[in-house]
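sequence and predicted structure are below.
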Amino acid sequence: MKLEILVGMIASGKSTYARQRADDGAIVICHDDLTAMVHASYRYEQEKRDLYREMEEAIVRVALEAELDVVIDRTHLTRESRWRWISFAREEQVRIEAVVFAVESAAVHARRRCYSDPRGRAFEEWLRVAEHHASQAAEEPFYDHEGFDEIVHKIPALNAASV
Ligand SMILES: Nc1ncnc2c1ncn2[C@@H]1O[C@H](COP(=O)(O)OP(=O)(O)O)[C@@H](O)[C@H]1O
Ligand SMILES: [Mg+2]
C-alpha cells in the first residue's frame with residue numbers, strides 16, 4: 001500500500017499513467033476532475049483551495065483505510081504541494097512515492113493539450129498555463145532528497161512523437 005504523487009506540467013502524461021494505475025486497482029484522485037465535480041464544469045477557484053484539499057485528504061484516508069494504493073493526479077510543481085503529502089504520509093505511516101514526468105518546452109506541452117483534450121480552450125490559453133507551470137518547475141525543481149521513499153522518473157520513449 002502506498003501513496004503516489006504525480007509531478008508534471010500539463011500534458012506530461014500524468015492522467016495516462018493514472019489510468020494504468022487505476023486499471024491495476026489503485027484509487028486515483030484527479031484534481032481537475034475533483035474541481036470539475038464541485039463546480040459542474042472544468043474550473044479552479046483559488047479561494048476554494050482548502051475545500052479541495054479537505055476533499056482530497058478525505059478520499060485518501062478512506063482508500064488507505066481499505067488498504068488501497070492511492071495516486072494523486074495533479075501537477076505538484078511547488079515544493080509546498082509535495083511537502084504537504086510527504087508530511088501527510090508520515091502522519092498516516094504510509095509509503096510515499098513520487099512519479100516525476102519530463103519537462104519539455106511550454107509550447108510542446110500546450111500543443112499536446114490542444115491535440116489530446118483542449119477542454120474548449122484555445123492554444124494561447126494553454127500556452128499561458130504551460131508557461132506558468134514551466135516557471136514553477138524552474139523555480140522549485142524537484143530534488144531527489146525532498147523526503148519521498150521512492151522516486152520514479154518517467155522519461156519519454158525515444159521514439160515518442162513530440163506533438
Ligand atoms: N512524453 C510524451 N510524448 C508524447 N505524448 C505524450 C507524452 N506524455 C503524454 N503524451 C500525450 O499527451 C496527451 C496528454 O497526456 P495526459 O496523460 O492527459 O497528461 P496530463 O494528465 O499530464 O495533463 C495524451 O494524448 C498523451 O498520450
Ligand atoms: Mg491530466
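Everything's here; your move. Ligands and ions are numbered 1, 2, ... in the order given.

would you mind listing what in this structure touches ligand 2?
Contacts of the chain with ligand 2, taken as CB under 5 Å from the ion, map to 14-15. (C-beta placed from N, C-alpha, C; glycine too.)

low pLDDT regions in the chain?
157-163 (pLDDT under 70).

which residue is nearest the centroid of the protein?
R74 (2.3 Å; CA atoms, centre = their mean).

these two touch, right, that residue and D33?
No - taking CB atoms under 8 Å as the definition, R74 is not a contact partner of D33, at 10.1 Å.

ok, and the closest non-adjacent residue to the residue nearest to the centre of the chain?
Distances taken as CB to CB, 6 or more residues apart in numbering put H31 closest to R74, at 3.5 Å, once the chain neighbours are dropped.

also D144?
Closest to D144 by CB to CB, 6+ apart is I151, at 6.0 Å.

measure the one you found to S81 for me?
16 Å (CB to CB, to the nearest Å).

for D50, same thing?
To S81, D50 is 14 Å away according to CB to CB.

V7 too?
Going from V7 to S81 by CB to CB gives 9 Å.

show me where the protein has its helices.
For the chain, applying DSSP state H gives helices covering 14-23, 31-39, 49-65, 79-92, 106-116, 123-139.

got the angle between the second one and helix 14-23?
Read it as helix 31-39. If you take axes from the mean of the first three to the mean of the last three CA atoms, to 10 degrees, helix 31-39 sits at 90 degrees to helix 14-23.

can you mark which positions in helix 31-39 are buried?
For helix 31-39, the neighbour count (16 or more other CB atoms under 10 Å) marks 31-32, 34-35 as buried.

again, but for the last one
Of the residues in helix 123-139, those buried by neighbour count under the rule 16+ other CB under 10 Å are 126-127, 129-131, 133-134, 136-137.

cool, the fourth one as well?
Using 16+ other CB under 10 Å as the burial criterion, the residues of helix 79-92 that qualify are 79, 81-82, 84-86, 88-89.

much appreciated, bye for now.
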